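K.L.:
Dropping the sequence and predicted coords here.
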Amino acid sequence: MKCALVTGGSRGIGSAICKKLASDSEYYILINYQSNQAAAEQTLEEIKNLGGKGEIIKFNVADAEDVKSALSQWQEANPEALVEVIVNNAGITKDGLFMWMSSEDWTSVVNTSLNGFFNVTNFFIQKMLRNKYGRIVNMVSVSGVKGTPGQTNYSAAKGAVVAATKALAQEVAKRNITVNAVAPGFIRTDMTGNLDEKELIKMIPVNRFGEAEEVAELVSFLASRKASYITGEVININGGIYS
């Protein structure tokens, strides 16, 4: 059984990626979630409606022990399963000016994006290397590429994942494993729901927010065999806001 794991796959961009991978490929989709079980089950239901297969798997990407325990149990229960695609999508924001930022707001945001990338990818990387095939797609952000005021913690976390993407890509390329990052701009999701869309649109050359499905199209391509000569790249998908 060949599988694709999407962290933070229950809602928003993560959910759109799960559905797109299900419709574009034969992969069995592992939908990771941390707290919103109803949303994860809804995504799984939609995958089944598309003719796909999958399951939900609960763990907190930032908690190394939780990740190891959940994934080890899953692997033991599915000894024949092979995770060929990892989409590191889980992320949180705790925005605020740096001078008023609490240690907890810094640490939790960095742990989720950066340590989450390590905890999940590190669990599977040796198996991918032995199998001589893999696709790793790291969801970063325009914040991690250009920096966004009020998001020093999020920019730091995502910027670190950008650098890790470039380094890991070089380590594993000979084994037919690609590692790329996708940097969305303003995408219409729960996470951007409280932003002032009318104001922000003025900054975006294409004059609108993006849709989660548009991001999912790009991720699905990078996760496919068609993208085998693209690695170590950061691809911006932001309506021309920054390049």
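P.N.:
Yep, that arrived.
K.L.:
And Pro184, what's its pLDDT?
P.N.:
In this prediction, Pro184 carries a pLDDT score of 96.
K.L.:
Ok, Met101 next?
P.N.:
97.
K.L.:
how about it, what does it touch?
P.N.:
With contacts defined as CB atoms under 8 Å, 6 or more residues apart in numbering, Met101 is in contact with Thr152, Asn153. The C-beta positions use only the backbone N, C-alpha and C, and glycine is treated the same way.
K.L.:
From Val162, how far out is it?
P.N.:
21 Å (CB to CB, to the nearest Å).
K.L.:
Ala40 contacts Gly8, correct?
P.N.:
No - here Ala40 lies out of contact with Gly8, judged by CB atoms under 8 Å, at a distance of 10.0 Å.
K.L.:
any shared contact partners between the two?
P.N.:
Listed as contacting both Ala40 and Gly8 by CB under 8 Å, 6+ apart are Tyr33.
K.L.:
Over to Glu55: give its phi and psi.
P.N.:
The phi and psi torsions at Glu55 (degrees, to the nearest 10) take the values phi -160, psi 160.
K.L.:
wait, doesn't it sit right on Leu30?
P.N.:
Yes - counting by CB under 8 Å, Leu30 is a contact partner of Glu55 at 6.4 Å.
K.L.:
what about the two, which has more around it?
P.N.:
More neighbours sit around Leu30 than around the other of Glu55 and Leu30, counting by other CB atoms under 10 Å; the figures are 24 against 14.
K.L.:
Can I take it that that one is in a helix?
P.N.:
No - assignment of Leu30 by DSSP: H, G, I helix; E, B strand; the rest coil gives strand, placing it outside any helix.
K.L.:
ok, and the closest non-adjacent residue to it?
P.N.:
Nearest in space to Leu30, with sequence neighbours left out and distances taken as CB to CB, 6 or more residues apart in numbering, is Leu5 at 4.2 Å.
K.L.:
what's across from that neighbour in the sheet?
P.N.:
Using DSSP bridges, the beta-bridge partners of Leu5 come out as Leu30, Ile86.
K.L.:
Near it, how many residues? Count them for me, please.
P.N.:
Every residue meeting other CB under 10 Å relative to Leu5 is counted, giving 28.
K.L.:
okay, and the helix or strand of this structure with the least pLDDT?
P.N.:
Taking mean pLDDT, DSSP states H and E as the measure, the chain has helix 197-200 as its least confident helix or strand, at a mean of 80.
K.L.:
Just the buried residues of it, please?
P.N.:
Taking 16 or more other CB atoms under 10 Å as the neighbour-count basis, helix 197-200 is seen to contain no buried residue.
K.L.:
neighbouring strands for the helix or strand following it, and are they parallel or not?
P.N.:
Scanning the chain past helix 197-200 towards its C-terminal end, the next helix or strand to appear is strand 210-211 (assignment: DSSP states H and E). According to DSSP bridges, the neighbouring strands of strand 210-211, each with its direction, are strand 187-188 (parallel).
K.L.:
got a list of contacts for the strand it pairs with?
P.N.:
Applying CB under 8 Å, 6+ apart, the set of residues contacting strand 187-188 from outside is Gly12, Ile13, Phe209, Gly210, Glu211, Ala212, Glu214, Val215.
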